[in-house]
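Provided below for reference: sequence and predicted model.
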Amino acid sequence: MRTKRDAEAWPAEATSGDDRPTPDPAALDWSLDTVQGALQILHRKWTLRLLRALWDHDLRYHQLEHGLRIQAKVLSESLRGLERDGIVTKVFGPGIPTPVMYALTPLGRSLGSVLFAMQVWSTEHLAEVHACQRQKAEEAVAPEPRVTLR
């Protein structure tokens, strides 16, 4: 069941009577360049984990490092990439030394509706995909029937 927060992620005109999104195929960019660009960002190893960690709270570097159990070099590279993409930003607080927090930008938060759509699709169809994969794997291992010529 969708929550109020989930419902806010979807424009009213993008839902059908059964409360599921109904994309307009005419509005899709079938060149796939735009979809591929988004998938490249989401496909990076730590992106989803960092989005999840920063979704509810701004966090300091060491909180991310220890919470995600990620190596410092990998975390730095991941955060730098997300900053470059405009998904994450540094927030500087008052004091000496200056505390630095990492936060999602509005652009980063906009990925919520994309991730929600992917979650809905996965919930509804992933079992079917796995069944197809198992069937194809079994077919690949099964011996082909012999044909005898007379």
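Okay, I see it.

how far is the longest helix belonging to the chain from where the chain is centred?
Identified as the longest helix of the chain according to DSSP state H is helix 111-141. Distance, stretch centre to chain centre, for helix 111-141: 15 Å (C-alpha atoms, centre = their mean, to the nearest Å).

Counting by contacts, list what it packs against.
Judged by 3 or more C-beta pairs under 8 Å, 6 or more residues apart in numbering; DSSP states H and E, helix 111-141 is in contact with helix 4-9, helix 33-43, helix 47-55. Where C-beta positions appear, they are placed from N, C-alpha and C, glycine not excepted.

most neighbours per residue, which of the ones you listed?
Of all these, helix 47-55 has the most neighbours on average by mean count of other C-beta atoms under 10 Å, namely a mean of 17.

outside of it, which residues touch it?
The contact list for helix 47-55 (C-beta atoms under 8 Å, 6 or more residues apart in numbering) reads 41-42, 59, 64, 67-68, 70, 78-79, 82, 87-88, 102-104, 108, 111-112, 115.

again, but for stretch 92-109
With C-beta under 8 Å, 6+ apart as the test, stretch 92-109 has contacts from 51, 54-55, 58-61, 64, 79, 82, 85-91.

could you redo the last one with a cut-off of 7 Å?
Defining contact as C-beta atoms under 7 Å, 6 or more residues apart in numbering, one finds that stretch 92-109 is touched by 51, 54-55, 58-61, 64, 79, 86-91.

Would you mind measuring from residue 110 to residue 142?
Using C-beta to C-beta, to the nearest Å, residue 110 is found at 47 Å from residue 142.

Between these two, point out the one with more neighbours.
residue 110 (12 against 8; other C-beta atoms under 10 Å).

returning to what we had before: quick one: mark the members of the contacts of helix 47-55 that sit in helices.
41, 42, 64, 67, 68, 78, 79, 82, 108, 111, 112, 115.
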